[in-house]
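**Q** Give me a 3D structure for the following:
(one chain, ligands or ions: 1)
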Amino acid sequence: MSKVNKYEAIIKDKYESYTEEERFLSKHQRVEYLTTMKYIEKYLQKGMKIIELGAGTGAYSIELAKKGYDVTAVELVKRNLNVLKQNGKGIKNLHAMQGDALDLTKFADNSFDMVLSFGPMYHLFNEKDKMQAIKEVLRICKNNGIVMFAYLTHASIVWAYGVRNGYIDKLQYAIMDNGAIKDVPEEIFSSYFIEDFKKQFKNLSIKHLKDVATDSLFNEMRDYVDQLSDEKYEMLLDYHFKTCERKDMQGVSSHMLYIGKKL
Ligand SMILES: C[S@@+](CC[C@H](N)C(=O)[O-])C[C@H]1O[C@@H](n2cnc3c(N)ncnc32)[C@H](O)[C@@H]1O
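**A** Coordinates of the predicted model:
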């Protein structure tokens with residue numbers, strides 16, 4: 001049990017009954033993985049020590065460990081951790097463990113070259129916890145190390161849950177006057193306006209490097225994307241890679257990636 005995460009039960013409830021390992025199987029979902037991996041590789045250097053927080057069933061951690069990097073994978077939910085351990089069996093440079101991104105005291109200050117927070121920011125519901133998660137990432141990252149945070153946009157909640165799944169009426173109570181979606185722990189996901197996500201880093205020791213729209217409109221266009229031939233999918237991916245750093249794409253993307261360098 002986490003000592004600090006009062007929403008652990010809600011998070012566990014969701015992920016214990018969900019096949020997280022299927023997250024990147026379809027064409028529309030795979031875009032997020034391919035884009036994120038492309039940006040990880042952009043900043044990777046030989047011998048880097050990496051930690052992934054909220055490692056799920058290991059899509060990134062296992063792949064990076066297979067490439068030879070020393071990877072620590074931290075995951076809150078036992079079910080996901082067990083799948084990760086099973087899939088990563090025998091990889092000596094993969095260190096998988098249960099843990100909470102809000103409390104990384106088992107890791108010393110300045111101990112990783114790259115810190116990937118790829119899950120926790122989806123499930124934090126108040127300013128104090130969000131800041132704690134960010135500060136822990138910066139604490140364990142070495143100076144000049146790279147930090148990456150995956151997060152959800154408010155638009156994704158409205159278009160994927162509200163429109164696509166047909167719940168725009170149920171969502172009304174959570175839509176605030178400025179169009180932001182209220183943090184409601186029982187709804188599982190917390191989301192952001194891009195400028196609000198970035199504001200959190202204002203007084204911290206970090207240089208902002210990039211904002212990346214990791215799945216742009218692919219989530220909303222899933223029916224079309226999933227039936228594309230491989231050739232046409234590649235063409236669309238090519239367009240996506242050319243535009244995923246553009247502001248035009250960021251606001252409508254379901255998933256965003258914040259990349260920074262710890263100073
Ligand atoms: C959507 S999955 C992402 C998994 C993987 N990192 C990826 O990007 O595909 C989010 C994961 O974060 C985990 N998680 C959520 N809050 C966490 C926390 N505070 N500490 C550690 N893991 C957490 C969840 O249990 C879940 O496995």
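
**Q** what does the stretch 101-250 of the chain put close to the ligand?
**A** 101-102, 118-120, 122-123, 150 (C-beta under 6 Å from any ligand atom). C-beta coordinates here come from the backbone N, C-alpha and C atoms, glycine included.

**Q** Name the pair among those with the greatest separation in space.
**A** Within those, two members stand farthest from each other by C-beta to C-beta: 102 and 150, at 16.4 Å.

**Q** how about low-confidence regions in the stretch 151-263 of the chain?
**A** The stretch 151-263 of the chain contains no residues with pLDDT under 70.

**Q** Leaving aside the residues adjacent along the chain, what's closest to the residue in the stretch 101-250 of the chain that the ligand sits nearest to?
**A** Relative to the ligand, the nearest point of the stretch 101-250 of the chain is residue 119 (2.3 Å; C-beta to the nearest ligand atom). Closest residue in space to residue 119, ignoring its immediate chain neighbours: residue 54 at 2.2 Å, by C-beta to C-beta, 6 or more residues apart in numbering.

**Q** mind checking how far the one you found is from the ligand?
**A** 3 Å (C-beta to the nearest ligand atom, to the nearest Å).

**Q** Report the contact partners of that residue.
**A** Counting by C-beta atoms under 8 Å, 6 or more residues apart in numbering, residue 54 touches 74-76, 101, 117-120, 122.

**Q** ok, and the most crowded of these?
**A** residue 75 (29 neighbours; other C-beta atoms under 10 Å).

**Q** got a list of what it touches?
**A** 54-56, 81, 84, 96-99, 119.

**Q** Helices of the stretch 151-263 of the chain, start to end?
**A** 154-156, 168-171, 194-199, 222-226, 230-243, 247-250 (DSSP state H, counting those that start in this stretch).

**Q** So for stretch 130-147, what gets flagged as buried?
**A** For stretch 130-147, a neighbour-count test (16 or more other C-beta atoms under 10 Å) marks 130, 132-134, 136-142, 145-147 as buried.

**Q** Using a markdown table, lay out those residues together with secondary structure, distance to residue 6 and pLDDT.
**A** Formatted as a markdown table, the buried residues of stretch 130-147 follow (DSSP: H, G, I helix; E, B strand; the rest coil; distance: C-beta to C-beta, whole Å; pLDDT from 0 to 100):
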| residue | secondary structure | distance to residue 6 | pLDDT |
| --- | --- | --- | --- |
| 130 | helix | 14 | 97 |
| 132 | helix | 12 | 97 |
| 133 | helix | 14 | 98 |
| 134 | helix | 18 | 98 |
| 136 | helix | 16 | 98 |
| 137 | helix | 20 | 98 |
| 138 | helix | 23 | 98 |
| 139 | helix | 21 | 98 |
| 140 | helix | 22 | 98 |
| 141 | strand | 26 | 98 |
| 142 | strand | 31 | 98 |
| 145 | strand | 30 | 98 |
| 146 | strand | 30 | 98 |
| 147 | strand | 25 | 98 |
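
**Q** Among these, give me the pair with the biggest separation.
**A** 130 and 142 (22.7 Å).

**Q** Can I get the buried ones among the contacts of residue 75 as something I can paste into ChimeraX?
**A** Command for ChimeraX that selects the buried part of the contacts of residue 75, burial taken from 16+ other C-beta under 10 Å:
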select :54,55,56,81,84,96,99,119
